[in-house]
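[1] next come a sequence and a model predicted from it.
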Amino acid sequence: MNFPKHIISSIIALTLTSTPALAAIEITPDFNLSGFGSTSIAKSDNKTPLYLNREITDDTCYDCDTIFGIQLDYDITDDLAASLQWVKRPQDEWSDPEVEWAYLSYDISDLTVRGGRLRLPLFLASQYYYVSQAYYWSRPPQEVYDSIAGITFYDGGDITWKRDLSDELSLSVNPFYGSNRTYSIEITDIKVDIETDLLIGLAMDLSGYDYRFHYAYMRSKYNVNGGDTTTTLNLHSFGYELSWKQFQFMSEVETDSTQTNWYVSTAYNINDFTTYVTYAEGHQAIPSQSITPGVRYDITPTISVNLEYQYENITSNEPFSQGLFVLPPELYSEKKDANLVTFMVNFIF
């Protein structure tokens, strides 16, 4: 028995498109509506809020991970299409969801040209980051996926060149650029504005039937809260994933001038159950270490549940280090580690 096909198809097919293969509702032959969501019960044993944009503490939380998204896809002509995605992210109020992408795309032979709001293609799961049904964890490893303050989109354009190198091997090359933009982030009710300069980057995927190599580079300049200090970010990320029989392996590294973060993850599938374990480390800016065992049960191809334990630890002995805590635990007179338990429900439609 191989790894579940609905997970593998999401992982492999998404290397060549930005639109998740959801269980779409056909409004007309050219107009589709689809959606996704997840919610959890989560609790740690530390008062210090854990994870930016989620802020899980020792109070049982019923909405720290809540996500709900709606996506509209319209084929205007055979070559011209439009896509729009609204997402109520964990940090958003229900009355104020975010437009995660909104773009026009045009196909020219092996090229696809897009313009508008687009997803940053930095990591293996970036294009379906909020679609929890598409991966086996409750949350993608935060050491890597939270490394740029949870920023997931940009306003600009990209070009994707796709070529089949053989019957089983495909290559995708995706240069992108983004315009100036200010991202607002709340940290325990304190608003932080990150203003970015023009960003440029390149993402590449080499994909086979059951594996994928991913590389991405991004360069940008930014400052915080309108300050005079401007920082240049040169980010590189490397990722690899493989499905073999009942196993799936994933690993990624993110590195820039302030940090190097990585994880390795293995999953094993038996019928509708998938057990998994992930080990991750963060260095320099976010000194941290975590281990995450868990189990996922697929109730149907569109609904699943996760039960997951996570141990998170700050690896630096420097005072007021915070790792993946939102603030230093010393501010709460707390220890530098946390035991986190999560029960999550995921769905697509």
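    Okay, I see it. Numbers count the residues shown, from 1 in each chain.

[2] from now on I want contacts and neighbour counts done on CA atoms only, so please keep to that.
    Noted.

[3] low-confidence regions, the stretch 1-150 of the chain specifically.
    Of all residues in the stretch 1-150 of the chain, those with pLDDT under 70 make up the ranges 1-23.

[4] mind listing the helices for it?
    Taking DSSP state H, counting those that start in this stretch, the helices of the stretch 1-150 of the chain run over residues 5-13, 142-145.

[5] dump the strand or helix carrying Asp155 to CSV, restricted to CA.
    Secondary structure assigned from DSSP states H and E places Asp155 in strand 153-164. Extracted C-alpha coordinates of strand 153-164, given in CSV (Å, rounded to 0.1, in the frame of the first residue of the first chain):
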residue,chain,number,x,y,z
PHE,A,153,2.0,36.8,0.1
TYR,A,154,3.2,39.7,-1.9
ASP,A,155,1.8,42.2,-4.5
GLY,A,156,3.6,41.9,-7.9
GLY,A,157,4.0,39.4,-10.7
ASP,A,158,5.8,36.2,-11.7
ILE,A,159,6.6,34.0,-14.7
THR,A,160,6.6,30.2,-14.5
TRP,A,161,8.3,28.1,-17.1
LYS,A,162,7.3,24.4,-17.0
ARG,A,163,8.9,21.6,-18.9
ASP,A,164,8.5,17.8,-18.9
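
[6] for that strand, buried residues please.
    For strand 153-164, the buried set under the neighbour-count rule, 16 or more other Cα atoms under 10 Å, comprises 153-162.

[7] tabulate these in CSV, adding columns for pLDDT and distance to Ser265.
    Supplementary listing: the buried residues of strand 153-164 in CSV, determined by pLDDT from 0 to 100; distance: Cα to Cα, whole Å:
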residue, pLDDT, distance to Ser265
Phe153, 97, 25
Tyr154, 97, 28
Asp155, 97, 32
Gly156, 97, 33
Gly157, 98, 32
Asp158, 98, 30
Ile159, 98, 31
Thr160, 98, 29
Trp161, 98, 30
Lys162, 96, 28
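
[8] helix or strand next in line after the strand holding Asp155, which one?
    Note on strand 153-164: by DSSP H and E, the next helix or strand toward the C-terminus is strand 170-178.

[9] list the contacts of that following strand.
    15-16, 154-165, 198-208 (Cα atoms under 8 Å, 6 or more residues apart in numbering).

[10] keeping just the C-alphas, turn it into PDB.
    The C-alpha trace of strand 170-178 is given here as PDB (Å, rounded to 0.1, in the frame of the first residue of the first chain):
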ATOM      1  CA  SER A 170       9.200  17.900 -14.600                       C
ATOM      2  CA  LEU A 171      11.000  21.100 -14.100                       C
ATOM      3  CA  SER A 172       9.400  24.400 -13.000                       C
ATOM      4  CA  VAL A 173      11.300  27.700 -12.900                       C
ATOM      5  CA  ASN A 174       9.600  30.700 -11.300                       C
ATOM      6  CA  PRO A 175      11.200  34.200 -11.100                       C
ATOM      7  CA  PHE A 176       9.000  36.700  -9.200                       C
ATOM      8  CA  TYR A 177       9.100  40.300  -8.100                       C
ATOM      9  CA  GLY A 178       7.000  42.300  -5.600                       C
END
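
[11] what angle separates it from strand 153-164?
    If you take axes from the mean of the first three to the mean of the last three Cα atoms, to 10 degrees, strand 170-178 sits at 160 degrees to strand 153-164.

[12] check the average confidence over strand 170-178, would you?
    Within the predicted structure, the mean pLDDT of strand 170-178 is 97.

[13] strand partners of the next helix or strand along the chain from that strand, parallel vs antiparallel please.
    Beyond strand 170-178 on the C-terminal side, the first helix or strand identified by DSSP H and E is strand 181-187. According to DSSP bridges, strand 181-187 has the following sheet partners: strand 190-196 (antiparallel).

[14] check which residues of the strand it pairs with are buried.
    Those buried within strand 190-196 under the rule 16+ other Cα under 10 Å are 194-196.

[15] check the offset of that strand from the chain's centre.
    Distance of strand 190-196 from its chain centroid, counting by Cα atoms, centre = their mean, to the nearest Å, is 20 Å.

[16] that one - what's its average pLDDT?
    Predicted confidence along strand 190-196 averages 91 (mean pLDDT).

[17] packing partners for the next helix or strand after it?
    On the C-terminal side of strand 190-196, the closest following helix or strand by DSSP H and E is strand 199-207. On a contact count with 3 or more Cα pairs under 8 Å, 6 or more residues apart in numbering; DSSP states H and E, strand 199-207 meets strand 170-178, strand 211-224.
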